[in-house]
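# Quick one, fold the following:
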Amino acid sequence: MNTPAVIFLARAQWAFTMSFHIVFPAISIGLASYLAVLEALWLATGRGFYLNLYKYWLKIFSIAFGMGVVSGLVMGYQFGSNWSAFADRAGPIIGPLMSYEVLTAFFLEAGFLGVMLFGVERVGKRLHFAATLAVALGTLLSAFWILAANSWMQTPAGFTINAAGQFVPSSWLHVIFNPSFPYRLVHMVLAAYLTTSLIVGGVAAWHLLSGSATDEVRHMFSMALWMVTLVAPVQIIAGDQHGLNTQRYQPAKIMGLEGHFRSYPHGAPFVIVGIPDQAAGRMRDALEIPKLGSLILAHRLDAPLAGLDSVPRADWPYVPVIFWSFRVMVGLALLMLTLGIASLIARARHRLYESRALQRAALAMSPAGLIAVIAGWFTTEVGRQPYTVYGVMRTAQSASPIATPAVAVSLAAFAVVYFAVFGAGVLFVLRLMRHPPHPGEAPVEGIPHRSAGITPAPAVLPDRTLHIRP
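Numbers count the residues shown, from 1 in each chain. As a prediction, this is how the structure comes out:
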């Protein structure tokens, strides 16, 4: 069995690379659907600003998609380098699920991405729209298979253990549609849509505050805030249902993120803030609302709730991390809901494009979706500990038999490369966003638009064209 140092470093490497990776699929999922909506509106109305917005966000989508693919490859590498024991035992289930993602989602994305990126001026409108829809569907299929694999690790079902100790499927239907999968899929896709809408709204707000109130910018701002307004309350409801499902199948995780170290036979409080003391098994300096925890989790004020004192200490998750990551996620969700309500008030007063306070709020909230996604992922993954396959295979049994210096060196190398490569990519995206969309927006390959009625304009990136090779 590996030393605690090896396991800690392997987990730290996975957490570091995943924190970079997860934001790119979230953006890709949301932007792909947004691009499909923009192109559909352009085809239905013939209004040029929809096409200009499509071309503007297509550049940003191509970069996010490319960085997502590259960072995703590294995740697979770690299964062999740091988690070979897990890969050996869970491979008969995790391997096919990952393969299905490649055979369906990635092939669909790669097959039509070239048409989507470089065919705006070269293929028919319907064919190009079909390619956009195919890529959008591919991103959703990718989320489907990845979340099926992760959800199986959270709530394993449909398997048996063979003589070699491997998990083998007894029912693929139950493996894929395990008890937590529907809730996680809905929650993640809605999170991707919220993340994208906040980024789009923040970019539009920046240009409105800078005095660029073009048709493109105004419609971009309006569409983004409509999405926030509609999706934020649905996400809160979906998150509540996901929490109830987690309480049923992973009760220790809920006890930890709620800060319930002890059981409450006559109604549990909701701990707003406090200092979780893992060693002492108690919350210090807690600010609580009596009975609200039972109302949220059991829909009764006096419902009894078990605490971590009913769980063997060896099975406790690390409470300080999930307690605060959960509150970051929930707090940002409430701010998103507030932003949506504020936008409705501004619309009713016909001040959506004049309210600088709303625009500043939208700009400030632009990274909130990314932060919430990372916080939610930490809540999910740290809350599953000390297991990789919940209740069946511990993390201590999953790591590769490697030396501590090897993991430490690779972690340091990842840190240097990731900050350099993805830092440059993010700066490049921010430079693209700094320029507002305009009439005659150039497609990705830098060819000026030649449609009738739209004045050609120079490409945003005449000398630094980005090429994505599927």
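# so which strand or helix has V175?
helix 172-176 (DSSP states H and E).
# by contact count, what packs against that helix?
Helices and strands touching helix 172-176, as assessed by 3 or more CB pairs under 8 Å, 6 or more residues apart in numbering; DSSP states H and E, comprise helix 84-100, helix 125-154. All C-beta atoms are positioned from the backbone trio N, CA, C, and that covers glycine.
# again, only this time at 7 Å
Under the contact criterion of 3 or more CB pairs under 7 Å, 6 or more residues apart in numbering; DSSP states H and E, helix 172-176 touches no helix or strand at all.
# and for that helix, what are the contacting residues?
I93, A148, W152, A157, G158, F159, P169 (CB atoms under 7 Å, 6 or more residues apart in numbering).
# Give me the pLDDT value at the fourth one.
On pLDDT, A157 comes in at 94.
# Correct me if wrong: it contacts N178.
Yes: counting by CB atoms under 7 Å, A157 sits close enough to N178 to count as a contact (4.4 Å).
# if you count what's nearby, which of those two comes out ahead?
N178 (22 against 18; other CB atoms under 10 Å).
# which residues does that one contact?
Here N178 is in contact with S151, W152, T155, P156, A157, G158 (CB under 7 Å, 6+ apart).
# Can you tell me how far the last one is from F177?
Same thing as G158. In this structure, G158 and F177 are separated by 9 Å, where distance is defined by CB to CB, to the nearest Å.
# shaky segments in this protein?
Scanning the chain for pLDDT under 70 picks out the ranges 1, 440-470.
# And the helix or strand hosting V426, what does it pack against?
Take DSSP H and E as the rule and V426 turns out to sit in helix 404-434. Packing partners of helix 404-434 (3+ CB pairs under 7 Å, 6+ apart): helix 4-21, helix 48-81.
# and the longest one, what does it pack onto?
Meaning helix 48-81. Checking 3+ CB pairs under 7 Å, 6+ apart, helix 48-81 ends up next to helix 4-21, helix 23-45, helix 215-249, helix 404-434.
# what are the ranges of the helices in the stretch 251-400 of the chain?
251-258, 292-298, 319-348, 356-364, 368-384 (DSSP state H, counting those that start in this stretch).
# which one of the contacts of helix 172-176 is nearest F419?
Distance ranking of the contacts of helix 172-176 against F419, using CB to CB, places A148 first at 31.5 Å.
# from what I can see that closest one touches M98, true?
No: applying CB under 7 Å as the test, A148 and M98 come out as separate, 9.9 Å apart.
# Looking at these two, which has the bigger crowd around it?
In this view A148 and M98 are compared by other CB under 10 Å, and A148 has more residues nearby, 22 against 18.
# and that one, how far is that from L73?
20 Å.
# Tell me how far the residue nearest to G68 when sequence neighbours are not counted lies from A286.
The shortest distance from G68 to any residue other than its chain neighbours is 3.3 Å, reached at F24 (CB to CB, 6 or more residues apart in numbering). Remark: distance between F24 and A286 (CB to CB) = 37 Å.
# With E216 instead?
Separation of E216 from A286 (CB to CB) stands at 49 Å.
# Between these two, which has more neighbouring residues?
In this view E216 and A286 are compared by other CB under 10 Å, and E216 has more residues nearby, 23 against 14.
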